[in-house]
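**Q** mind folding the following:
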Amino acid sequence: MDFITIMEWIGTIAFAVSGAVVAIEKEMDYYGIGMMAVFTAIGGGIVRDLLLDRNLPASIENPSYAIVSLITAAVVIFCYHRVDKIGHLVSIADAIGLAAFAAIGSQAAAFSGHTDVYTVVIMAMLTGVFGGAIRDICCQEIPRIFRREVYAVACIVGGVVYAVSFPYLGLVLPAYICFGVTLVIRLYAVFHDLHLGKVSLDHNE
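**A** Got it, this is the predicted structure:
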C-alpha cells in the first residue's frame, strides 16, 4: 500500500468523522448521521471522477469507502462526547484528509491527461472540499469553505504546485509535494486562526 493510498484512507475516515459530528450537532437520527459521514467522505471523489469522465466513480465501484465511513459514523455515535473534546485532533485529521484528497485529485487529473494548471487545480479543490460542501448544504448551512479559515485556498495552492512541478518530476513525486504544501497551509491556518478577509457590514466604519 503506497503513501497516497494510506492518506486516502486516513482522509476518508477523517471526513467521515467530520460529517458524523456535524450531523449529531444538527440532531439528526442515526440514518442521517451515517449519510452525512458517507457524503462528506466520498462526495468530492465522486464529483472528480464524473468530471474526468470515469465510467463509474471509484468510491461507488469499491464499496469499502462507504462501509468504512459508516463504521466510522458508528464509532463517533458511541464515542461522541470524547470526540467532541478533541477538536484539535479532529482538525489535524481533517487537514491530513484535505491534503491527501487534494493530492489525489491533482494526480487523477494528470493521469487522465489533463495537465494544464487550471484543470489540475480544479480537480484538487473539488476532491478536497466538495464533500464538506455537500454536508453543509444538506445541513442548511452556508458551506464552511466560504466562511471559515483558509481551506479551499490550501487546495488551490497545492494544485498549482503539482501542476508546476509535474513536467519536471513526473506523476508521483509532485503528489507528495502537493500533500505537504496543502497540509502545512491548512495546519498553519488552524493553529493561527488565519482567515481570508471579508466585507465589513459595520456602516459606522
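
**Q** return the residues in contact with the most centrally placed residue in the chain.
**A** Central residue of the chain (C-alpha atoms, centre = their mean): residue 128, 3.3 Å from the mean position. Contact analysis of residue 128 by C-beta atoms under 8 Å, 6 or more residues apart in numbering lists 44, 98-99, 101-102, 105, 152, 154-155, 182. No exception for glycine: its C-beta is placed from N, CA and C like everyone else's.

**Q** contact partners of stretch 5-13?
**A** Counting by C-beta under 8 Å, 6+ apart, 41-42, 65, 68-69, 72, 93, 96-101, 103-104, 179 sit against stretch 5-13.

**Q** quick check: mean pLDDT of it?
**A** Across stretch 5-13, pLDDT averages out at 82.

**Q** can you show me the CA trace of that stretch as PDB?
**A** Extracted in PDB, the C-alpha atoms of stretch 5-13 (Å, rounded to 0.1, in the frame of the first residue of the first chain):
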ATOM      1  CA  THR A   5      -3.400   5.200  -0.700                       C
ATOM      2  CA  ILE A   6      -2.800   5.300   3.100                       C
ATOM      3  CA  MET A   7      -3.500   9.000   3.100                       C
ATOM      4  CA  GLU A   8      -6.700   8.400   1.100                       C
ATOM      5  CA  TRP A   9      -8.000   6.100   3.800                       C
ATOM      6  CA  ILE A  10      -7.000   8.500   6.600                       C
ATOM      7  CA  GLY A  11      -8.800  11.200   4.700                       C
ATOM      8  CA  THR A  12     -11.900   9.100   4.300                       C
ATOM      9  CA  ILE A  13     -12.000   8.400   8.000                       C
END
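
**Q** mind giving me the packing neighbours of the lowest-mean-pLDDT helix or strand in the chain?
**A** In the chain, the helix or strand scored least confidently by mean pLDDT, DSSP states H and E is helix 80-83, which has a mean of 74. The contact analysis (3 or more C-beta pairs under 8 Å, 6 or more residues apart in numbering; DSSP states H and E) places helix 80-83 against helix 3-25.

**Q** now the helix it packs on: buried residues?
**A** 4, 7-8, 11-24 (16 or more other C-beta atoms under 10 Å).

**Q** do the same with stretch 64-77
**A** 65-66, 68-70, 72-73, 75-77.

**Q** now do stretch 38-56
**A** Within stretch 38-56, the residues that count as buried by 16+ other C-beta under 10 Å are 38-49, 51-52.

**Q** with stretch 167-178 instead?
**A** Across stretch 167-178, burial judged by 16+ other C-beta under 10 Å covers 174-178.

**Q** end-to-end on it?
**A** 14 Å (C-alpha to C-alpha, to the nearest Å).

**Q** heads up, I number from 49, so please use that
**A** Sure thing, new numbering starts at 49, so read that last one as stretch 215-226.

**Q** run through this protein and note the low-pLDDT ranges.
**A** In the predicted model of the chain, residues 49, 51-52, 131-138, 196-197, 250-253 satisfy pLDDT under 70.
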